[in-house]
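Asks: Structure for the following, please:
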Amino acid sequence: MTAVTMTAKAGTGRRAGTGQLAGTWPLLRLALRRDRIIMPLWVIVLGGSFSSVGKSISALYDTAGRRAELAASMNGNSSVRAMYGPVFGDSVGGLVGWRMMAFGAALAAVMSLVVVVRHTREEEETGRQEMLSSAMVGRRAPLTAALLAAVIANAGLALMIMAGMAGSGAGGAGAVALASAVAGVGVLFACTAAIAAQFTESARLAKGLTAAVIGAAFVLKAAGDSATDDGSSVFTWLSPIGWAENVRPYAAERWWVLLVLAGAAAVQCALAYALTERRDVGMSFLATRPGPARGRIATASGLAVRLQRGALVGWTVGFAAVGVVFGGLTGGAADLVGDNEKTKEIFERMGGQAGLTDAFLASMVSVLGTVAALYIVSSVLRLHGEETAGRAEPVLAGGVGRTGWAAGHLVIAFGGAALIMAAGGLGLAAGYGHDLPAVLGASLAQLPAVWLLGGVTVLLYGVLPRAAVAAWGLVGLCLALGWIGPALDWPQPVMDLSPFTHLPKLPGAGMEWGPVALLTAVAVALVAGGLGALRRRDMLN
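Replies: Down below sits the predicted model:
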């Protein structure tokens, strides 16, 4: 369904509604149609992971005594609490809530921010919203449709979690509480994204601001949980993710905490509506600075640096901070599993067969690498955003070749990935307090896999620009394989789908230059193919 068709339907099918919500349902149908693939994938993969973890815990810890022992050992280690939170119950459902609540809530928040920003700020940035608003579309309709789409996605996720928990033998009130807490965080950050969309003229910056808030919420939760083992820390209660874990599924549920989530979402939603009524379509409260271009931004490369430097600085600082946190957890890695061989095997699958401390460091480096893939895909897709918004054509009309224009952004994307991984490695070594060269080298060894995903994005953009966003699906697959696969002991052919699986497990394991060189060569070939296709195809209108 095209924007023109949508305009006609909004103008004819909803003529009876002339209020501020007129046209909401056609816009919602359009949003759901556009997200008919990516939204179900989010729901199925994320919701299904809860069921998978439940079945894994049932198999690995098949008696009440083993589960109680696991809960006691995990709750007694501040490093584990910082990552996953405290264990409130030693049933299968309680352990699933402990293992999945924080990461599940954070990923639900990411899903929501993508949905809301795509159907609000991105529509305005590309000019489609102005076309739609020329018909019988109320001022509140676009934001309402975007929020409803996010609510539907989170409702589907909640149903998937409840069904999965029931299938693993852990249904009941605990499953409802767990699903409601995860979905509640998703809806809350959908409202946060709606606010961010009012303040910026760039969809990319709106996503970055919301992602920064999600990251801060996770760090606050980690700081609070590392200090206490009952979720009572002030830092935990400053974080919406901390609120979710304090719902305590399968452990005398605190239903009233869900009201805290609902109240915070309602306040943010009201603020988003108030802001959207006080600005024009396409405008923002944080206006961009006017030209003219002088000095370093008088060239296409300088312009690319100016456009992407804010995001690069934010990612670099964030990686350094997260690296310090992860490094601080490493000291407790040896006590993390005690005599539990099953849990030890999970970390060794993530980080190789070296000592447990090295395996823990390698697993943390792998986490940084998969997250860095989000940066490089986002940075490469800035080319697509510049093209669809019509800002690329004036630059190309000034005598700048397509390859030169794209190269400026790609240098920031690929070079920036190296910078943020170096920052993460330095932070990890600083938090750990040992082995700076080894830890830094392990971080940089993740780059070939990161670059390969960036190369796939370049190829998609060059050959099929309208399908370039599919690169996010590949990154999501790598995240799932890297974070969930080792815990569930997925078959090796499945794990091999991720390029990160083929990298040497550093530090600890020996350096293997063959896979590193091969992944780098493939990345170079993909970039070359994408740039070649870009030179030959028509630019998007």
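
Asks: Which helix or which strand is home to the residue nearest to the spatial centre of the chain?
Replies: Centroid-nearest residue in the chain, with C-alpha atoms, centre = their mean: residue 110, separated by 4.7 Å. Following DSSP states H and E, one finds residue 110 within helix 92-118.

Asks: And for residue 476?
Replies: Here residue 476 is assigned to helix 471-483, by DSSP H and E.

Asks: That helix: which residues count as buried?
Replies: 471, 472, 474, 475, 476, 478, 479, 480, 481, 482, 483 (16 or more other C-beta atoms under 10 Å). For glycine as for every other residue, the C-beta is placed from the backbone atoms N, C-alpha and C.

Asks: outside of that helix, which residues touch it?
Replies: 38, 41-42, 45, 49, 103, 114, 350, 366-367, 370-371, 373-374, 377, 380-381, 449, 453, 456-457, 460, 490, 494-495, 497-501 (C-beta atoms under 8 Å, 6 or more residues apart in numbering).

Asks: one step back: relative to residue 320, how far out is the residue nearest to the centre of the chain?
Replies: Here residue 110 is placed at a distance of 21 Å from residue 320 (C-beta to C-beta, to the nearest Å).

Asks: do the same with residue 120
Replies: For residue 120, the distance to residue 320 - C-beta to C-beta - is 31 Å.

Asks: Assign residue 329 to helix, strand or coil.
Replies: helix (DSSP: H, G, I helix; E, B strand; the rest coil).

Asks: Verify the stated contact: it with residue 83.
Replies: Yes: using C-beta atoms under 8 Å, residue 329 is in contact with residue 83, at 6.8 Å.

Asks: now the helix holding residue 476 against helix 92-118, angle please.
Replies: In terms of direction (axes from the mean of the first three to the mean of the last three C-alpha atoms, to 10 degrees), helix 471-483 departs from helix 92-118 by 160 degrees.

Asks: which phi and psi does residue 254 have?
Replies: Note on residue 254: backbone dihedrals following degrees, to the nearest 10 are phi -100, psi 90.

Asks: again with the one 10 residues further on
Replies: When read as degrees, to the nearest 10, the backbone of residue 264 gives phi -60, psi -40.

Asks: go on, residue 399?
Replies: phi 90, psi 10.

Asks: Near it, how many other residues are there?
Replies: A count of neighbours around residue 399, defined by other C-beta atoms under 10 Å, yields 8.

Asks: Which pLDDT value goes with it?
Replies: Per-residue pLDDT puts residue 399 at 76.

Asks: How about the one 5 residues further on?
Replies: The per-residue pLDDT reported for residue 404 equals 87.

Asks: How about it: what's its closest non-neighbour residue?
Replies: Distances taken as C-beta to C-beta, 6 or more residues apart in numbering place residue 300 nearest to residue 404, at 5.8 Å, with adjacent residues excluded.

Asks: Next: residue 109.
Replies: residue 189 (3.7 Å).

Asks: didn't the one you found look like it was pressed against residue 215?
Replies: No: the criterion here is C-beta under 8 Å, and residue 189 misses it with residue 215 at 11.4 Å.

Asks: who's more crowded, the two?
Replies: Ranked by neighbour count (other C-beta under 10 Å), residue 189 and residue 215 place residue 189 first, with 31 against 16.

Asks: now the helix or strand harbouring that one against helix 92-118, angle please.
Replies: According to DSSP H and E, residue 189 maps onto helix 173-199. Relative orientation of helix 173-199 versus helix 92-118 (the same axes, to 10 degrees): 20 degrees.

Asks: after helix 173-199 comes which helix or strand?
Replies: helix 203-227.

Asks: list the buried ones in that next one?
Replies: Buried-residue list, helix 203-227, by 16+ other C-beta under 10 Å: 203-211, 213-215, 217-226.

Asks: Can you spell out which helices and strands pack onto it?
Replies: On a contact count with 3 or more C-beta pairs under 8 Å, 6 or more residues apart in numbering; DSSP states H and E, helix 203-227 meets helix 78-84, helix 92-118, helix 121-126, helix 173-199, helix 234-237, helix 240-245, helix 300-330, helix 382-388.

Asks: Could you pull up the contacting residues of the closest residue to residue 416 other than its chain neighbours?
Replies: Nearest non-adjacent residue to residue 416, counting by C-beta to C-beta, 6+ apart: residue 312, 4.6 Å away. Contacts here follow C-beta under 8 Å, 6+ apart; on that basis residue 312 touches 379, 412, 416, 419, 420.

Asks: Does the second one touch residue 304 like I think?
Replies: Translated: residue 412. Yes: using C-beta under 8 Å as the test, residue 412 is close enough to residue 304 to be in contact (5.7 Å).

Asks: returning to that earlier point: quick one: contacts for the residue nearest to residue 109?
Replies: So residue 189 contacts 108, 109, 112, 113, 210, 213, 214, 240 (C-beta under 8 Å, 6+ apart).

Asks: Pipe the residues you listed into a markdown table and attach pLDDT and distance to residue 399 per row.
Replies: A markdown table is the format used below for the contacts of residue 189 (pLDDT from 0 to 100; distance: C-beta to C-beta, whole Å):
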| residue | pLDDT | distance to residue 399 |
| --- | --- | --- |
| 108 | 92 | 47 |
| 109 | 92 | 44 |
| 112 | 93 | 43 |
| 113 | 91 | 38 |
| 210 | 88 | 38 |
| 213 | 89 | 41 |
| 214 | 89 | 42 |
| 240 | 95 | 50 |
